[in-house]
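Engineer: Predicted model and sequence below, questions to follow.
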Amino acid sequence: MSTEIKAFSATGNQMVAEAMRQAEPDVMAAYPITPQTTIVESFAKFVADGRVHTEYVTVESEHSALSACVGASAAGARVATATASQGLALMWEELHITAGMRLPIVMANANRALAAPINIHCDHSDIMGARDTGWIIMFAETAQEAYDNTVVSFKVAEDARVQLPVLTTLDGFTTSHAMERCEMEDDDTVRAFVGDYVAAHPLLDTDNPVGCGSYALGDCYMKTHLACRRANTGALSVIEEYGKAWEAICGRPFNVVDTWGTEDADYVVVVLGSAAGNARHIARELCAQGRRVGVVRPKVFRPFPAAAVAAACKTAKAVAVMDRSDSIGAAHGPLGAEVISALHEAGLTMPVKNYIFGLGGQDLTNELMTSIFDTLEDVAAGTASPALSYLGFEE
Amino acid sequence: MANIKELSRRPECLAAGHRLCGGCGASICVRQVLMGVPDDVYPIVGSATGCLEVSTTIAPYNSWKVPFIHNAFENAAATMSGVEAAFKGLRRAGKIPADKKMKFIAFGGDGGTYDIGLQSLSGAMERGHDIVYVCYDNGAYMNTGIQRSSATPKGAWATTSEVGVAQQGKPQVRKDLASIIAAHGVPYVAQSTVGHWKDLVAKAEKAIAVDGPAFINVMAPCPRGWRIGSDETLDICRLAVNTKFWPLFEVENGVWKLTPVKEKNLRPLEDFLRPQGRFKHLFRSGNEALLDEMKADVAAYWAYLEGRVEGSKGL
């Protein structure tokens, strides 16, 4: 644990850039996009100032950014990048390839809406497009957590038990650009924690030539996917292991599922990322009024910590799941479907209300947040309510 | 340049037994280009999705005796940018010895290079990576079944530029990719064919020796797509050059050099077109004007190249 804590104010993007500087990737290939831009700008300055040995590749698109990262990671380098929104969407093909080739790239995503209509503000439409690709996905609530998650991401991605890429995400503007009180560990501490990356079968090992990105048919293809699924699912305990190790160093709690007031809650809200702060604020007020409400925030979305989420909901008479993106045509949003599946697996049968909220940066007001808890009481009392509603636009 | 005896002793980078068709220009292109790698340099090879990649890497088999990477269709240049960046980053970190020499060589077909991969290629050339990008140009999307690309010659039949009462093959002229890459100001750009081994190996040696980006456009016939016999690959390349359809040229640090066609070797364009099934409709009555147009295009491109040679003299 640090003997002296030096607090300072910083944005989430600054904190991600600092974590990446401290992990010191051999290669970063990146392309600017709002609201990720200040990450790649900060890193470019680190390169110009000679503070990192990183080869910085200023590519001509996000597709090439991740393509170059794939080449670099296969070559044996530690690799990091960052993107958002349309950029992540343009990378979609490469997201699958990165995970399929088991390349431990760490990528930050400043979560932002997808066009059309074009919108630069926060929601999770971009990142949810990556949910089935094989990447590990973490959501930070704060700038501090964006830093901590990014440090831990390198350790998790490069671990021999995992060997998968990690998306370390923070909410666009809300977390990427807002100033917060932050702490960071010194460079030596982070470097000692993250360690040196030694690739098992690097392309640049000319004594032992390897072929990467082969054509695979039938059982080879199926086996590759199965191995990927097992590595991703198994990564949950590795994230916990390294999260706790990092917690021991920095003194800041690291839980794959963050909970507030859930021990005896009658009504529970499940939400990802920065909106958890809004939910907890209202939950505190309601608890002060004698109501028993709680908030569950999965920090890790892939692999989904289903058992921990269900356990945190077990006392609830009704659960609300707040999705900051939609899965149009499906009965539920991406998080809603996960939570309902987790509750079902745990044998929990309380009613679940799914909300779509905050798309394109739409404000989540105290009134709207309060209305969710009120509706949960009504739903538990037997009042009919649609399974999914657009918060503030539908009942 | 090494003589043919010496070249024959160079190690083979691509093993026999791959699954490319008999007479395929792609594997000939790979072997000739990789003969241009000096003994003290380790080649690291990448390929775009295409015939070359699917036929040489069917898991669990692999025909490459050197490190090989395939990523996707449109991004061989971006992928190799990353591989080369890793080499630089790891060397700076002291993880690769400072005196170890590697060369990063990417192969892509014309679909993966002229069309879907053009942006990625342009980016890599502009950034100045130490990459040799080789386009094995067979003038169509052969892997998916002979669809037209921007490299398909005017008048050629392809399955998406059909021949019928309303259309006689591809209406548009080929994109001049070599000039586009030359316009990036890279140190070395060349055009050759797999039927001119001496020319191609010499150009590969130059491209590999360059410190920085180089590009070679190589005519690599596809017997299946061109509707020729699998024993005609090299002959048709010589006809392409001797009819001036496919000029051999290079651009070294901005200076253009065009290989002239000797008077005694000069042949009419028909000699290149007639053996190929993809051009057979050109010889039907009613298509005389189209044939004349193609001849005029060939003459105009040759004149353009002469202009580039003249204009870059003394640079």
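Structural biologist: Here it is on my side, so go on. Residues are numbered from 1 along each chain as shown, chains lettered A, B, ... in the order given.

Engineer: mind listing the helices in the stretch 201-315 of chain B by residue range?
Structural biologist: With helices called from DSSP state H, counting those that start in this stretch, the stretch 201-315 of chain B shows them at B:223-226, B:233-242, B:270-273, B:288-311.

Engineer: neighbouring contacts of stretch B:245-262?
Structural biologist: With CB atoms under 8 Å, 6 or more residues apart in numbering or on different chains as the contact definition, stretch B:245-262 has outside contacts at B:153, B:178, B:182, B:185, B:187-193, B:196, B:199, B:203, B:206, B:219, B:237, B:239-242, B:244, B:269, B:272, B:298, B:301-302, B:305-306, B:308-309, B:311-313, B:315. The way it works is simple: take the backbone N, C-alpha and C, and place the C-beta from them, glycine included.

Engineer: ok, now with 6 Å
Structural biologist: B:182, B:187-192, B:199, B:219, B:240-242, B:244, B:272, B:298, B:305, B:308-309, B:312, B:315 (CB atoms under 6 Å, 6 or more residues apart in numbering or on different chains).

Engineer: and if you look at stretch A:93-106?
Structural biologist: By CB under 6 Å, 6+ apart, stretch A:93-106 touches A:66-67, A:69-70, A:73, A:79-80, A:130, A:133-135, A:153-154, A:157-158, A:163-166, A:228, B:72.

Engineer: Out of these, list just those in strands.
Structural biologist: Under the assignment DSSP state E, the contacts of stretch A:93-106 contribute A:79-80, A:166 to strands.

Engineer: Point out where the stretch 1-150 of chain A drops to low pLDDT.
Structural biologist: A:1-5 (pLDDT under 70).

Engineer: how about the helices of it, start to end?
Structural biologist: Under the criterion DSSP H, counting those that start in this stretch, the stretch 1-150 of chain A contains helices at A:12-23, A:37-48, A:62-75, A:85-90, A:92-100, A:125-128, A:143-158.

Engineer: Run through the neighbouring helices and strands of the longest one.
Structural biologist: Secondary structure elements in contact with helix A:143-158, counted by 3 or more CB pairs under 6 Å, 6 or more residues apart in numbering or on different chains; DSSP states H and E, are helix A:12-23, strand A:106-111, strand A:166-171, strand A:180-182, helix A:187-194, helix A:218-250.

Engineer: Whichever residue of the stretch 101-250 of chain B sits closest to chain A: what's it in contact with?
Structural biologist: At 3.4 Å from chain A, B:Gly123 is the closest residue in the stretch 101-250 of chain B, using CB to the nearest CB. Taking CB under 6 Å, 6+ apart, we find B:Gly123 in contact with A:59-60, A:64.

Engineer: Any idea how many residues pack against residue 148?
Structural biologist: No chain specified, so I'll use chain A. Using other CB atoms under 10 Å in any protein chain shown, the number of residues around A:Asp148 comes to 27.

Engineer: switch to chain B, that's the one I care about
Structural biologist: Counted with other CB under 10 Å, the neighbours of B:Arg148 add up to 23.

Engineer: Then B:Lys313?
Structural biologist: Other residues within reach of B:Lys313, judged by other CB under 10 Å, total 8.

Engineer: Tell me which residues touch it, please.
Structural biologist: Taking CB under 6 Å, 6+ apart, one finds nothing in contact with B:Lys313.

Engineer: And for A:Val57?
Structural biologist: With CB under 6 Å, 6+ apart, A:Val57 has these contacts: A:29, A:68, B:81, B:85.

Engineer: Give me the nearest residue to it, chain neighbours excluded.
Structural biologist: Spatial nearest neighbour of A:Val57, excluding adjacent residues (CB to CB, 6 or more residues apart in numbering or on different chains): A:Ala29 at 3.8 Å.

Engineer: got it, and B:Leu305?
Structural biologist: Nearest to B:Leu305 is B:Leu258, by CB to CB, 6+ apart, at 4.9 Å.

Engineer: Look up how far chain A lies from that neighbour.
Structural biologist: With distances defined as CB to the nearest CB, to the nearest Å, the gap from B:Leu258 to chain A amounts to 31 Å.

Engineer: is that residue in a bridge, and if so with what?
Structural biologist: B:Phe249 (DSSP bridges).

Engineer: Give me the three-state assignment for A:Met322.
Structural biologist: Of the three states, A:Met322 takes strand according to DSSP: H, G, I helix; E, B strand; the rest coil.
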